[in-house]
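Visitor: the following comprises the amino acid sequence and a computationally predicted model.
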Amino acid sequence: MERQVAIVGAGISGLLACKYMLSNGFRPNVFEASNGVGGVWTKTVETTKIQTPKAFYQFSDFPWPSSVTEDHPTQNQVLDYIQSYARHFDLPKHIKFNTKLKREMESYIQDKQILSTEVFVEDFVILCIGRFSDVPNIPEFPPNKGPEAWMDYADMDYESAAKFVTGKQATVLDFRNLQWSVQKQMGPKIPAVLYKTEHWNVPDYLPWGVPLEYLYFNCFTELLVHKPGEGFLLGLLATFLAPLRWAFSKFVETHINKKLGLAK
């Protein structure tokens, strides 16, 4: 008898879960609150592009079509690619669209279009709802201290602006606004670069002609980094390999200095 698995969400993770449940002999039921697959890409503005090259953003068993020549495809291209993946493996027939999980433990589903409910008994539940799904988690702010205050620091003096962003997260655009404020105080000839942590931004993926995946994007280099909840042996190995991690960083840094002529 096939075991049934409930999968919540038909974004990239939900589609992958559905495909591999089928290939391993399970019967998946995918519940999607919207009317199509794609997850966050169905709600993203058209000018959005993936921030990593497409070679690192693709299904292992379904390459990008030859018609997509850009290294950083747009929202429409990404969504078409995800939908093509779903059709290629015949996944939509396992998806119940416009449905919402009301009580997870009982797999109680409500159809949003006809306002009907149905009970499903599942052997397992996989949540693939993503980090950016549904209603954003907006914190509560004191009066006049909320998001509207972020628009004010272009007119702040240097000390007030620096105090305002201390310990806060901000977008690149926010920092540009703050940079204008700093330059108004210090003069246009003094460049202002604001950051929370000192680090180098890698300008390309071939430092000195060496593919960056050989230095960072592989399973071995994951062993170089301390991770939360790691065991004693993994922690010891990361400490032991720290000089190699330093050497990789310095190798890339020399390329950046040569190419861009940056000074610390």
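Guide: Received it, and whenever you're ready, just let me know what you need. Numbers count the residues shown, from 1 in each chain.
Visitor: okay, now the unreliable bits of the stretch 101-250 of the chain?
Guide: By pLDDT under 70, the low-scoring segments of the stretch 101-250 of the chain are 103-115, 132-139, 144-158, 161-162, 164-204.
Visitor: what about the strands in the chain?
Guide: 4-8, 27-31, 95-96, 99-103, 108-111, 116-119, 124-127 (DSSP state E).
Visitor: in a markdown table: those strands, plus distance to Val210 and mean neighbour count.
Guide: All C-beta spots, glycine's among them, are computed from the backbone N, C-alpha and C. Converted to a markdown table, the strands of the chain look like this (distance: least, Cβ to Cβ, whole Å; neighbours: other Cβ atoms under 10 Å):
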| stretch | distance to Val210 | mean neighbour count |
| --- | --- | --- |
| strand 4-8 | 40 | 21 |
| strand 27-31 | 41 | 21 |
| strand 95-96 | 43 | 18 |
| strand 99-103 | 47 | 15 |
| strand 108-111 | 51 | 16 |
| strand 116-119 | 55 | 10 |
| strand 124-127 | 38 | 15 |
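Visitor: using a markdown table, please lay out those together with distance to Phe89.
Guide: Shown next, in a markdown table, are those (distance: least, Cβ to Cβ, whole Å):
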| stretch | distance to Phe89 |
| --- | --- |
| strand 4-8 | 14 |
| strand 27-31 | 12 |
| strand 95-96 | 12 |
| strand 99-103 | 21 |
| strand 108-111 | 23 |
| strand 116-119 | 25 |
| strand 124-127 | 17 |
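Visitor: of all these, which lies closest to Gln51?
Guide: Closest to Gln51 of these, according to Cβ to Cβ: strand 124-127, at 24.7 Å.
Visitor: give me the contacts around that closest one.
Guide: Arg3, Gln4, Val5, Ala6, Ile7, Val8, Gly9, Gly14, Ala17, Glu104, Ser107 (Cβ atoms under 8 Å, 6 or more residues apart in numbering).
Visitor: quick revisit: between the strands of the chain, which one is nearest to Glu222?
Guide: strand 124-127 (23.9 Å).
Visitor: paired strands for that closest one, with orientation please.
Guide: Applying DSSP bridges, strand 124-127 is found paired with strand 4-8 (parallel).
Visitor: average model confidence for the strand it pairs with?
Guide: Confidence for strand 4-8, expressed as mean pLDDT, is 93.
Visitor: contacts for that strand?
Guide: Under Cβ under 8 Å, 6+ apart, the answer for strand 4-8 is 14, 17-18, 21, 26-31, 101, 104, 107, 120-129.
Visitor: just stretch 233-253 next, same as before
Guide: 200, 202, 207-208, 210, 212, 215-216, 221, 223-227, 230.
Visitor: got the buried residues for stretch 41-51?
Guide: Neighbour-count burial for stretch 41-51, counted by 16 or more other Cβ atoms under 10 Å, picks out Trp41, Thr42, Thr44, Lys49, Ile50.
Visitor: surely the second one meets Gly36?
Guide: Just to be clear, that refers to Thr42. Yes. Checked against Cβ atoms under 8 Å, the pair Thr42 and Gly36 is within contact range at 6.0 Å.
Visitor: most widely separated two among the contacts of strand 124-127?
Guide: Pairwise distances among the contacts of strand 124-127 were taken by Cβ to Cβ; the largest, 19.7 Å, belongs to Arg3 and Gly9.
Visitor: let's have the buried residues of stretch 41-51 in JSON lines, adding distance to Phe97 and pLDDT.
Guide: Shown next, in JSON lines, are the buried residues of stretch 41-51 (distance: Cβ to Cβ, whole Å; pLDDT from 0 to 100):
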{"residue": "Trp41", "distance to Phe97": "16", "pLDDT": "90"}
{"residue": "Thr42", "distance to Phe97": "11", "pLDDT": "87"}
{"residue": "Thr44", "distance to Phe97": "19", "pLDDT": "76"}
{"residue": "Lys49", "distance to Phe97": "27", "pLDDT": "86"}
{"residue": "Ile50", "distance to Phe97": "25", "pLDDT": "88"}
